[in-house]
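Peer 1: Please work out how this folds:
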Amino acid sequence: MANQYDIIVIGGGPGGYVAAIRAAQLGFKTAVVEREHLGGICLNWGCIPTKALLRSAEIYHYMEHAKDYGLSAEGIGFDAAAIVQRSRGVSGRLNGGVGMLLKKNKVDVIWGEASISKPGEVAVTAPKKQAMQPQHPTPKGVLEPGTYQAKNIIVATGARPRALPGIEPDGKLIWTYFEAMVPPSMPKSLLVMGSGAIGIEFASFYRTMGAEVTVVEVMPQIMPVEDAEIAALARKRFEKQGMKILTGAKVTKVEKGANSVTATIDDGKGGTQTITAERMISAVGVVGNIENLGLEKIGVKIDRGVVVTDGLGRTNVPGIYAIGDVAGAPMLAHKAEHEGVICVETIKGLHTHAMDKAKIPGCTYCNPQVASVGLTEAKAKEQGYDIRVGKFPFVGNGKAIALGEPDGMVKTIFDKKTGQLLGAHMVGAEVTEMIQGFVIAMNLETTEEELIHAVFPHPTISETMHEAVMDAYGRAIHI
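Peer 2: Numbers count the residues shown, from 1 in each chain. Now for the predicted structure:
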């Protein structure tokens with residue numbers, strides 16, 4: 001039957017399209033249902049286009065500091081529309097690339113909104129969701145709405161911005177990451193509510209482009225999931241750049257003007273203050289897209305907005321699977337991709353094991369960059385480990401000095417008893433490109449002795465990783 005598949009994946013984001021391609025590689029007849037854009041939020045309105053924006057900001061920053069490198073640059077400026085256009089172009093290129101990959105692997109794409117009528121059956125209707133503009137064109141050759149059968153159905157519908165009651169984004173004065181990515185012009189002032197990866201990346205971008213930026217974070221530290229020492233170093237750099245940061249504080253009220261917002265902020269110490277800014281970004285997390293899929297109707301267990309799975313993607317209903325953001329934290333594209341592979345290989349009957357979430361790296365692409373994997377120092381102590389901690393500053397690294405990037409640090413945490421690497425945390429230039437070294441080390445169960453005897457190339461910033469390991473054992477050379 002034309003409408004009969006082995007696997008139907010609902011959602012064409014990083015988790016969904018990777019799962020579909022892996023399924024096709026394993027010989028399954030596979031289809032993806034997508035209602036808006038192949039590549040999901042990550043590729044179209046998240047990970048990728050924000051990196052394009054941040055790259056423009058980085059180059060602008062270096063142009064403004066040309067003298068630091070013996071260079072001269074005059075008449076430095078920017079074209080906000082051109083910056084946005086480049087970002088959208090990068091997204092469009094990769095969006096088309098996902099379509100080509102699916103076609104290459106003979107994965108059908110069904111265009112529309114899906115719901116699970118019953119186990120084994122997916123009803124697809126015409127898209128009702130208003131697509132964020134500018135929208136990439138619908139891929140050619142997609143299948144029409146209708147009823148489709150599949151032995152296995154994988155839910156990979158991603159997430160959307162969380163909204164706080166009374167401070168709902170309106171798309172004009174209060175933005176989500178959607179509007180923040182395509183500003184018609186650069187605001188002169190900006191209030192960012194939330195200092196997780198999304199909030200801090202946009203705060204960093206707009207501050208570099210000249211906006212007066214205030215960040216409000218309800219937790220005691222910015223970037224709450226990061227090691228406290230690393231977060232403190234990042235905060236110091238942000239504040240040196242002119243960013244204003246309020247921690248232990250929350251926005252309690254927002255009043256809208258003609259072209260500005262005025263926020264009332266509880267400082268957590270019994271006081272309040274008001275801040276007026278041209279625009280406000282609400283970056284208080286995301287929530288999984290689990291509605292209107294028919295999950296509860298067929299008995300799929302959901303707990304606090306998350307589809308409950310067994311670690312291999314299986315729900316409590318046979319033949320129904322869930323991966324990515326809908327399956328819970330951490331809500332990261334690379335976690336979704338890996339979950340997709342594990343899920344499909346489980347369906348195939350291969351020997352699989354649940355992902356160890358402690359070994360999933362996190363990266364924030366602000367200036368300075370922040371990257372981490374594993375336990376923070378506080379978490380390691382909380383879990384009862386007797387630990388060794390190593391630290392190495394970028395100021396002791398030749399390559400960092402040569403690049404003009406002396407502000408940064410690598411921190412390692414080891415189990416004193418076994419030599420197991422429990423966590424690694426970094427702040428500074430290019431650390432998002434380096435963290436994978438420690439991820440691999442943790443997956444291979446590498447001990448401190450093996451890391452110490454590894455040869456790191458010179459001159460590279462990665463030598464700070466080596467020194468941070470050696471420092472944990474009193475053997476650091478260059479500090």
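
Peer 1: All the helices of the stretch 351-479 of the chain, in order from the start?
Peer 2: 377-382, 398-403, 431-443, 448-452, 463-472 (DSSP state H, counting those that start in this stretch).

Peer 1: Among those, which comes closest to residue 171?
Peer 2: Among the helices of the stretch 351-479 of the chain, the nearest to residue 171 by CB to CB is helix 431-443 (30.0 Å). Glycine gets a C-beta too; all of them are placed from N, C-alpha and C.

Peer 1: okay, that closest one in PDB with CA atoms only?
Peer 2: C-alpha atoms of helix 431-443 as PDB (Å, rounded to 0.1, in the frame of the first residue of the first chain):
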ATOM      1  CA  VAL A 431      35.700  26.500  24.000                       C
ATOM      2  CA  THR A 432      32.600  25.200  22.300                       C
ATOM      3  CA  GLU A 433      34.900  23.600  19.800                       C
ATOM      4  CA  MET A 434      37.100  22.000  22.500                       C
ATOM      5  CA  ILE A 435      34.600  20.500  24.900                       C
ATOM      6  CA  GLN A 436      34.200  17.400  22.700                       C
ATOM      7  CA  GLY A 437      37.700  16.300  23.700                       C
ATOM      8  CA  PHE A 438      36.500  15.800  27.300                       C
ATOM      9  CA  VAL A 439      33.200  14.300  26.100                       C
ATOM     10  CA  ILE A 440      35.100  11.600  24.200                       C
ATOM     11  CA  ALA A 441      37.400  11.100  27.300                       C
ATOM     12  CA  MET A 442      34.400  10.600  29.500                       C
ATOM     13  CA  ASN A 443      32.700   8.100  27.100                       C
END
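
Peer 1: Which positions within that helix qualify as buried?
Peer 2: 431-432, 434-435, 437-439, 441-442 (16 or more other CB atoms under 10 Å).

Peer 1: which helices and strands does that helix pack with?
Peer 2: strand 362-364, strand 369-374, strand 421-428, helix 463-472 (3 or more CB pairs under 8 Å, 6 or more residues apart in numbering; DSSP states H and E).

Peer 1: at 7 Å what do you get?
Peer 2: Applying 3 or more CB pairs under 7 Å, 6 or more residues apart in numbering; DSSP states H and E, one finds that helix 431-443 contacts strand 369-374, strand 421-428, helix 463-472.

Peer 1: between those, which one is nearest to residue 201?
Peer 2: Closest among the helices and strands packed on helix 431-443, using CB to CB: strand 369-374, at 9.9 Å.

Peer 1: Paired strands for the closest one, with orientation please.
Peer 2: Note on strand 369-374: by DSSP bridges, its sheet partners are strand 362-364 (antiparallel), strand 421-428 (antiparallel).

Peer 1: which residues are in contact with the lengthiest strand in the chain?
Peer 2: Scanning the chain for the strand with the most residues, using DSSP state E, yields strand 146-155. By CB atoms under 7 Å, 6 or more residues apart in numbering, the surrounding residues in contact with strand 146-155 are 3-10, 19, 31, 110, 116, 120-124, 293, 307, 313, 319-323, 326, 343, 347.

Peer 1: Can you flag the buried ones in the residues you listed?
Peer 2: 3, 5-10, 19, 31, 110, 116, 120-124, 293, 307, 313, 319-323, 326, 343, 347.

Peer 1: Among these, which are located in helices?
Peer 2: With DSSP state H as the criterion, helices contain 19, 343, 347 from among the buried ones among the contacts of strand 146-155.

Peer 1: of those, closest to residue 177?
Peer 2: Using CB to CB, these come closest to residue 177 at residue 19, 24.2 Å.

Peer 1: Isn't the closest one up against residue 10?
Peer 2: No: using CB atoms under 7 Å as the test, residue 19 is too far from residue 10 to be in contact (10.4 Å).

Peer 1: joint contacts of those two?
Peer 2: Listed as contacting both residue 19 and residue 10 by CB under 7 Å, 6+ apart are 154, 156.

Peer 1: For the nearest residue to residue 57 once chain neighbours are set aside, what are phi and psi?
Peer 2: Nearest non-adjacent residue to residue 57, counting by CB to CB, 6 or more residues apart in numbering: residue 208, 4.0 Å away. Backbone torsions of residue 208, given as degrees, to the nearest 10, read phi -60, psi -30.

Peer 1: From residue 407, how far off is residue 208?
Peer 2: According to CB to CB, to the nearest Å, residue 208 and residue 407 sit 15 Å apart.

Peer 1: Compare the two and say which is more crowded by neighbours.
Peer 2: Set side by side, residue 208 and residue 407 show more neighbours around residue 208, with 23 against 18, by other CB atoms under 10 Å.
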